[in-house]
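In: Sequence and computational prediction follow.
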Amino acid sequence: MGIAVPFRKRDPEQIRHIEDLQAADRGGMMFQPVPGTYENVDELDFTSMYPSIIVNANLSPETIECPERPGFLPAALKPLLGLRINTKRLKKTDPKFAGIDSILKWMLVTCFGYTGYKNAKFGRIEVHEGITGRSRDILLNTKDIAEDMNFRVLHGIVDCLWLQGKPIGALKERVERETGLLSEVEHFDWIVFEPMNDGTGAYNRYFGRLSDGTIKVRGIAARKHDTPEYIRDMQGAMLKVMAEAKNFSELVERRDTVRNIFRDSVAGLPSANPKSMAISRRISRLNYAHRCLEGAAVQEYQKHGVEIAPSMKIKYVVTDARRYQVKPEWVADSFDLPFYRGLMEKAWAEISFAFDVHK
């Protein structure tokens, strides 16, 4: 393609005026939701938005000054993008394609990320900013289209919107036609947008019942990799009961059943297996300036002769939170009851909020 590959990259980001930087370097667009439980909500999700923008807009480091020149990055991603779109369709009827789809998804995501990585041979921040800038325009345009068709926009994160209204099929068709991007729709019988500590809506913490009866979960305890098994199982049992509810009224009818799961779990906490209280963490460093549970866990691992390094995952049980005392999972024979009771109450608060605020 007539493109020289640099042996050692020496093209750092150029000095720019602060106003230009503020306008360009803003990342993805998000709309903050109002916390509460909503019924009959559709999630409109763009398929591989960033890679599609790269291909459709011919974005590549060597096309910044020569936009008419075919870029190597779009040329490399186009067949991968086509393959990903196809496998995403096939996995709905044949689960064996799910793994392939996941691999392709993260390959494409990584290709986007490397456009903004200063040490990548073909990294160039202007390309990264061009991609995210177009994504913001697309999401804003989609919001305008939806509102023009009398849809209510509840929430939005970078490449997807949550909406109330009909007909969703007509909206999907118009959005794809005007943006040039493919999209998918998932219908929620009900969905809960969680609040942050200050009462405003959290951007990435929600759960809800899909039209096929399954529960989609993001950002709450049952989804987090560091949640102790005992608490994850408790919240999972609650969500299983809630999945039976097809609307908010049926959801409220199950409040007592769900609350009893919490009460039974709290009652059984003193006799729980200490190993089920293990907290999983991927450590970022070995030395800590301040006392913390993660730092204490690193020291305990080292005392037991385990060589650890940043990015490793460790599991520990908190034996005394006030004194920052922990034990590695395999030697834990007790745990701090008040500390884990607090974690359980937080997990319960995430679930109980669904019954309290109906929008």
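Out: Received the coordinates, thanks.

In: what are the ranges of the strands in the stretch 101-250 of the chain?
Out: 152-157, 160-164, 183-195, 201-210, 215-218 (DSSP state E, counting those that start in this stretch).

In: so which of these comes closest to residue 77?
Out: Nearest to residue 77 among the strands of the stretch 101-250 of the chain is strand 183-195 (18.5 Å), distances taken as C-beta to C-beta. (Each C-beta comes from the backbone N, C-alpha and C, glycine too.)

In: Partner strands of the closest one and their direction?
Out: Strand 183-195 sits in its sheet next to strand 36-46 (antiparallel), strand 201-210 (antiparallel), going by DSSP bridges.

In: As CSV, these with mean pLDDT, mean neighbour count and distance to residue 216 would be great.
Out: Written out in CSV, the entries for the strands paired with strand 183-195 read as follows (pLDDT from 0 to 100; neighbours: other C-beta atoms under 10 Å; distance: least, C-beta to C-beta, whole Å):
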stretch, mean pLDDT, mean neighbour count, distance to residue 216
strand 36-46, 96, 20, 9
strand 201-210, 95, 20, 6
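
In: okay if I get those as a markdown table plus distance to residue 128?
Out: Formatted as a markdown table, the entries for these read as follows, by distance: least, C-beta to C-beta, whole Å:
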| stretch | distance to residue 128 |
| --- | --- |
| strand 36-46 | 18 |
| strand 201-210 | 21 |
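
In: what's the pLDDT at residue 190?
Out: If you check residue 190, the pLDDT there is 97.

In: same question, the one 5 residues further on
Out: Residue 195 is assigned a predicted lDDT (pLDDT) of 95.

In: Same question for residue 154.
Out: In this model, residue 154 is scored at 96, pLDDT.

In: Can you verify my assumption that residue 292 contacts residue 321?
Out: No. At 10.6 Å, residue 292 and residue 321 do not qualify as touching, with contact defined as C-beta atoms under 8 Å.

In: quick one, which of those two is more surrounded?
Out: Neighbours per residue, other C-beta atoms under 10 Å: of residue 292 and residue 321, the larger number sits with residue 321, 15 against 11.

In: which stretches of the protein have low pLDDT?
Out: Low-confidence segments of the chain, defined by pLDDT under 70: 11-13, 23-24.

In: what's the domain layout of it?
Out: Annotated domains of the chain cover 24-218, 220-359 [automatic domain parsing].

In: And the last one, end to end?
Out: Between the start and the finish of domain 220-359 there is a gap of 20 Å, counting by C-alpha to C-alpha, to the nearest Å.

In: re the thing from before, which one of the strands paired with strand 183-195 lies closest to residue 231?
Out: Sorting the strands paired with strand 183-195 by C-beta to C-beta, the top spot, which is the nearest, belongs to strand 201-210 at 15.3 Å.

In: Dump that closest one to CSV, restricted to CA.
Out: This file holds the C-alpha atoms of strand 201-210, laid out as CSV (Å, rounded to 0.1, in the frame of the first residue of the first chain):
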residue,chain,number,x,y,z
GLY,A,201,-28.4,8.2,38.2
ALA,A,202,-25.4,5.8,37.8
TYR,A,203,-24.2,5.5,34.2
ASN,A,204,-23.3,1.8,34.2
ARG,A,205,-25.3,0.1,37.0
TYR,A,206,-28.6,-1.4,35.9
PHE,A,207,-30.5,-4.7,35.7
GLY,A,208,-33.7,-5.7,34.1
ARG,A,209,-35.9,-8.5,32.6
LEU,A,210,-35.5,-9.2,28.9
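
In: from the middle of its chain, how far away would it be?
Out: Centre-to-centre, strand 201-210 and its host chain are 10 Å apart (C-alpha atoms, centre = their mean, to the nearest Å).

In: what about residue 166, distance to residue 71?
Out: When distances are taken as C-beta to C-beta, to the nearest Å, residue 166 and residue 71 turn out to be 40 Å apart.

In: The two: who's more crowded?
Out: Taking neighbours as other C-beta under 10 Å, residue 166 and residue 71 compare with residue 71 leading, 23 against 13.

In: My read is that the more buried one contacts residue 55, right?
Out: No. Using C-beta under 8 Å, residue 71 makes no contact with residue 55, being 9.1 Å away.

In: and residue 276, backbone torsions?
Out: With angles defined as degrees, to the nearest 10, residue 276 shows backbone torsions of phi -80, psi 0.

In: count of neighbours near it?
Out: Using other C-beta under 10 Å, residue 276 has 17 other residues around it.

In: need the contact list for it.
Out: Contacts of residue 276 were listed using C-beta atoms under 8 Å, 6 or more residues apart in numbering, and they are 228, 229, 230, 233.

In: How about residue 218?
Out: Residue 218 makes contacts with 204, 205, 206, 207, as judged by C-beta under 8 Å, 6+ apart.

In: what is it paired to in the beta sheet?
Out: Note on residue 218: beta-bridge partners by DSSP bridges are residue 206.

In: if I look at it, how far off is residue 205?
Out: When distances are taken as C-beta to C-beta, residue 218 and residue 205 turn out to be 7 Å apart.

In: likewise residue 26?
Out: Applying C-beta to C-beta, one obtains 22 Å for the distance of residue 26 from residue 205.

In: Now do the same contact list for residue 143.
Out: Going by C-beta under 8 Å, 6+ apart, the list of residues near residue 143 reads 31, 153, 156, 161.

In: can you rerun that using 7 Å?
Out: Neighbour list for residue 143: 153, 156, 161 [criterion: C-beta atoms under 7 Å, 6 or more residues apart in numbering].

In: unless I'm mixing things up, the first one is touching residue 142, no?
Out: No. Contact criterion C-beta atoms under 7 Å: residue 153 and residue 142 do not qualify, at 8.9 Å.
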